[in-house]
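Asks: Sequence below, structure please.
(chains A, B and C)
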Amino acid sequence: MKRELSVVIFVVLAAGLCAIPAFLTFGEPAESGMDQYFIGNGQAQAAANNIVTSVVFDYRGFDTLGESVILFAAVIGVGLMFRSMRGEEEHEDE
Amino acid sequence: MRMSKIVRTGANLLYPFILIFGLYVIMHGHLTPGGGFQGGAVVATGVALVIVAYSFEEVTSMIKKVGMKARESIGLLIFIGAGIGALAVGAPFFSNFLAHSGLLFGQSIPSGPNPGDLNTAGVIPIMNLAVGIEVWGGLAIIVLYMLSSIPKEGS
Amino acid sequence: MFWNLPLVAVVTLILIALAIIVFKKNLIKVFLGIVILESAVNLFLITLGYREGGIAPIYTNAPPATMVLPTPQALTLTSIVIGVATSALLLSFAIIIWKKYGSIDIDRIRRLKE
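Replies: Residues are numbered from 1 along each chain as shown, chains lettered A, B, ... in the order given. Predicted structure coming up:
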């Protein structure tokens, strides 16, 4: 019963996803004034030749701060899990 | 378990070149494609190559966990310091206060296509270096923690 | 539909990843399906910002042409780093489950009470 139900749901999802390439054209994005501003004024305001780096570190620098903290928290999580695995042979009376 | 002599010799020869290429990708982030995160991943790949070629017990005397933890914390502190340094001058938080000035990385550039100059772009190379050091320390410490949980041979 | 080839590739990768997550029993294979799904979403983000006949948005020795949009590429950088953090934590979970239960078959791990 569960196998047939999962196969049916999967086929319905596949048919729905196949409609995506029919509605989107490749090579003509929606007209965006913000990206034209970044390309036009990026060299004068951020003084960098690489527009993507100036968007990541200067115009949207706060998102990069959040991303660095996420990487730091993932390393803390991995360290916590392996510390509790190694320490349970030593503290057996807790 | 150590690898054969061919693998160890190859890792010995390749390791300095991978480090230099990773540092090049980090430092030229404002001129060519690349930057902090990409260059940090390249340097961490070099460290993982050395750890795989030699057995883990031989490597722990050279690559310690304390050094990698210190690198990760110092990278994040320099990144936040570059943001607070903009507050000390009077500009908003995280603004590029060194661009087009005469100080450390502050040379003006002409508009349009030009051959790049390393001395430009203000706070951005400092932020690239900080994020590169943080990603290097973070990925190496993940590999070291996962390897240290494998029990020793014969126990 | 050959002019839409990147979008067709994105849909194919999403379908393969969903088939792996739903139909496989090994825990490592399910985690690999999650990694393929994240790669497909990153590819979709970059595909949305392409202009016809454009070059990379870098001014160093650039030929005269229109530039593609830089904002989706910045969002994809953040998404890749979040994928790395998720994969590291998932693999740590897999190591600890193997140490405690002795197998990584998800039909056997479900009986938590015995």
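Asks: The nearest residue to residue B:36 once chain neighbours are set aside: what's it in contact with?
Replies: With C-beta to C-beta, 6 or more residues apart in numbering or on different chains as the criterion, residue B:36 has its nearest non-adjacent residue at 3.1 Å, and that residue is residue B:131. Glycine gets a C-beta too; all of them are placed from N, C-alpha and C. Contact partners of residue B:131, counting by C-beta atoms under 8 Å, 6 or more residues apart in numbering or on different chains, are A:64, A:68, B:35-37, B:40, B:75, B:79.
Asks: Stretch C:7-17: which residues count as buried?
Replies: Buried residues in stretch C:7-17, counted by 16 or more other C-beta atoms under 10 Å in any protein chain shown: C:7-8, C:10-11, C:13-15, C:17.
Asks: Of the residues you listed, which belong to helices?
Replies: Within these, residues falling in helices by DSSP state H are C:7-8, C:10-11, C:13-15, C:17.
Asks: tell me the SS of the residue nearest to residue B:36?
Replies: Classification of residue B:131 by DSSP: H, G, I helix; E, B strand; the rest coil places it in helix.
Asks: From residue A:23, how far off is it?
Replies: Applying C-beta to C-beta, to the nearest Å, the value for residue B:131 to residue A:23 is 38 Å.
Asks: now residue C:91
Replies: For residue C:91, the distance to residue A:23 - C-beta to C-beta - is 37 Å.
Asks: Mind checking which of those two has more residues around it?
Replies: residue C:91 (15 against 7; other C-beta atoms under 10 Å in any protein chain shown).
Asks: Spit out the contact partners of that one.
Replies: B:146, C:31.
Asks: what about it, which helix or strand?
Replies: Assigned by DSSP states H and E, residue C:91 belongs to helix C:71-101.
Asks: Quick check: what element follows that helix along the chain?
Replies: helix C:106-109.
Asks: what packs against that following helix?
Replies: helix C:27-47, helix C:71-101 (3 or more C-beta pairs under 8 Å, 6 or more residues apart in numbering or on different chains; DSSP states H and E).
Asks: Just give me the residue right at the centre of chain B.
Replies: residue B:132 (2.9 Å; C-alpha atoms, centre = their mean).
Asks: Now residue A:81. Nearest residue, chain neighbours left out?
Replies: Per C-beta to C-beta, 6+ apart, closest to residue A:81 is residue C:92, 5.0 Å.
Asks: Can you pull the phi/psi pair for residue B:90?
Replies: phi 120, psi 0 (degrees, to the nearest 10).
Asks: Next one, pLDDT for residue 5 please.
Replies: Assuming you mean chain A. At residue A:5, the pLDDT value in this model is 89.
Asks: sorry, should have said chain C
Replies: 88.
Asks: So which bits of chain B are right by chain A?
Replies: For chain B, the residues in contact with chain A (C-beta under 8 Å from any C-beta of the partner chain) are B:29-33, B:35, B:72, B:76, B:79-80, B:83, B:94, B:96, B:99-100, B:106-109, B:111, B:114, B:116, B:120-124, B:127-128, B:131, B:134-135, B:138, B:141-142, B:145-146, B:148-149.
Asks: which residues touch residue 27?
Replies: Looking at chain A here, since you left the chain open. C:50-52.
Asks: that's the wrong chain, I wanted chain C
Replies: C:94, C:97, C:104-106, C:109.
Asks: where's it relative to residue A:81, distance?
Replies: 16 Å.
Asks: okay, now residue B:25: neighbour count?
Replies: With other C-beta under 10 Å as criterion, residue B:25 counts 22.
Asks: Show me which residues of chain A are close to chain B?
Replies: Near chain B, when you scan chain A using C-beta under 8 Å from any C-beta, you find A:43-50, A:52-54, A:56-58, A:61-62, A:64-65, A:68-69, A:71-72, A:74-75, A:78-79, A:82, A:85-86.
Asks: Now which of the residues you listed would you call buried?
Replies: Counted by 16+ other C-beta under 10 Å, the residues of chain A next to chain B give A:43, A:46-50, A:52-54, A:56-58, A:61, A:64-65, A:68, A:71-72, A:74-75, A:78-79, A:82 as buried.
Asks: ok so, going back, including mean pLDDT, could the helices and strands packed on helix C:106-109 go into CSV?
Replies: CSV is the format used below for the helices and strands packed on helix C:106-109 (pLDDT from 0 to 100):
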stretch, mean pLDDT
helix C:27-47, 95
helix C:71-101, 93
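Asks: Those helices: which one's closest to residue B:67?
Replies: For residue B:67, the closest of the helices and strands packed on helix C:106-109 is helix C:71-101, at 19.6 Å, according to C-beta to C-beta.
Asks: Kindly calculate the angle that the closest one makes with helix C:27-47.
Replies: Put simply, helix C:71-101 runs at 180 degrees to helix C:27-47, going by axes from the mean of the first three to the mean of the last three C-alpha atoms, to 10 degrees.
Asks: Next, find the distance separating the residue lying closest to residue C:108 once chain neighbours are set aside from residue C:94.
Replies: In this structure, residue C:108 finds its nearest non-sequential neighbour in residue C:101, 7.0 Å apart by C-beta to C-beta, 6+ apart. Applying C-beta to C-beta, the value for residue C:101 to residue C:94 is 11 Å.
Asks: Enumerate the residues of chain B near chain C.
Replies: Residues of chain B lying near chain C (C-beta under 8 Å from any C-beta): B:31-33, B:37, B:112-116, B:139, B:142, B:146, B:149.
Asks: Can you tell me the centre-most residue of chain A?
Replies: Mean-position check on chain A, C-alpha atoms, centre = their mean. Result residue A:67 at 9.3 Å.
Asks: where along chain A do the helices fall?
Replies: Using DSSP H, helices in chain A cover A:2-17, A:20-23, A:33-46, A:51-54, A:61-87.
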